[in-house]
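Everything below, folded, please.
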Amino acid sequence: MKRIFLVEDDQEIAKNLARLLQTEGFTITHAPTQKDAISMFAAGKFDLALVDISLPDGNGFAVCTEIKQTQDIPVVFLTASDDEASVVTGLNMGADDYVTKPFRPRELVARINSALRKYSTAPAVFKIDGLSVDTASGIVTKDGEEVFLSALEYRLLLVLIGNPRGIITRDRLLNELWDAAGEFVNDNTLTVYIKRLREKIERDPANPRIIRTVRGTGYRLGGNHVSE
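Presented below is the predicted three-dimensional model:
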């Protein structure tokens, strides 16, 4: 489960953000001020920081500097206005992305997932039930024979193998596919992609062993898997 460090002084925004991100499977630690952020960050370990630029006792730039000096994780800035100067300053200081308030929930989640992927330390080769995925080369094989996937099918597979022990919600998969495609992907489209992917990687698509359905929630990996 990925851990997000949220630095936001507006309690209502922070509460709504925490609720949104928790439904996406993230663990949230919240700090309301620059002082709190620096002390709390030093005491924990996180996968991504979501930082408001404007804070009551300082600014997010100082927080970003502290984060980048101590942990190698992505930083995404939240800014109240499309202030080009602030955005440029943040990016020059090492921030990985920024989102302008008010933001669309799906876009924010997609930006977070995109930033996390850039810092991913997933193993180069993932194997499960005769399927082998070499993430370094992008080559997928089933029982020794190469399988050719579309860009979105491959992205869908990467999301699943990137979370081998957890349940991936349909909403999260929709966000991931939307981010990869650059366009809206709806629920029916996701069902189609799952079906196509199963037809390519499962020995018996009608009784899938790799992509298991969790009724009413989403999907999870089944079977025994190893990473190299």
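
Tell me the spatial nearest neighbour of residue 2, not counting adjacent residues.
residue 47 (4.4 Å; Cβ to Cβ, 6 or more residues apart in numbering). In short, each C-beta sits where N, CA and C put it, glycine included.

Could you pull up the residues touching the one you found?
2, 3, 4, 73, 116, 119 (Cβ atoms under 8 Å, 6 or more residues apart in numbering).

Which residue lies nearest the spatial centre of this protein?
By Cα atoms, centre = their mean, the chain has its centre lying nearest to residue 113, at 2.4 Å.

ok but that one is inside a helix, no?
Yes. Per DSSP: H, G, I helix; E, B strand; the rest coil, residue 113 lies within a helix segment.

so what's it scoring on pLDDT?
As predicted, residue 113 sits at a pLDDT of 87.

separation between it and residue 120?
Distance, residue 113 to residue 120, using Cβ to Cβ, to the nearest Å: 10 Å.

And residue 34, by the same measure?
Residue 34 sits 29 Å away from residue 120, going by Cβ to Cβ.

Neighbour count: those two, which is higher?
Remark: of residue 34 and residue 120, residue 34 carries more neighbours, 22 against 10, as counted by other Cβ atoms under 10 Å.

my read: residue 176 touches residue 152, true?
No. In terms of Cβ atoms under 8 Å, residue 176 does not count as a neighbour of residue 152; the distance is 9.4 Å.

quick one: which of the two has more around it?
A count of neighbours by other Cβ under 10 Å puts residue 176 above the other of residue 176 and residue 152, at 25 against 19.

ok, now which ones touch residue 177?
Going by Cβ under 8 Å, 6+ apart, residue 177 touches 152, 155, 156, 185, 189, 190, 193.

no no, residue 4
Residues in contact with residue 4 (Cβ under 8 Å, 6+ apart) are 21, 26, 27, 28, 29, 46, 47, 48, 49, 50, 112.

Please list only the buried members of those.
Among the contacts of residue 4, those buried by neighbour count (16 or more other Cβ atoms under 10 Å) are 21, 26, 28, 29, 46, 47, 48, 49, 50, 112.

Next one: the fifth one, what pLDDT does it get?
Same thing as residue 46. Among the per-residue scores, residue 46 holds a pLDDT of 91.

tell me the SS of it?
Under three-state DSSP, residue 46 comes out as coil.

host element of residue 86?
Of the helices and strands defined by DSSP states H and E, residue 86 is found in helix 84-92.

Which residues does that helix contact?
Counting by Cβ under 8 Å, 6+ apart, the neighbours of helix 84-92 from elsewhere in the structure are 53, 60, 61, 64, 77, 79, 98.

And the closest residue to residue 35 other than its chain neighbours, its phi and psi?
The shortest distance from residue 35 to any residue that is not its chain neighbour, by Cβ to Cβ, 6+ apart, is 5.7 Å, and that residue is residue 57. With angles defined as degrees, to the nearest 10, residue 57 shows backbone torsions of phi -120, psi 20.

and what of residue 142?
Residue 142 has phi and psi values of phi -130, psi 120 when expressed as degrees, to the nearest 10.

do you know how far it is from residue 216?
To residue 216, residue 142 is 29 Å away according to Cβ to Cβ.
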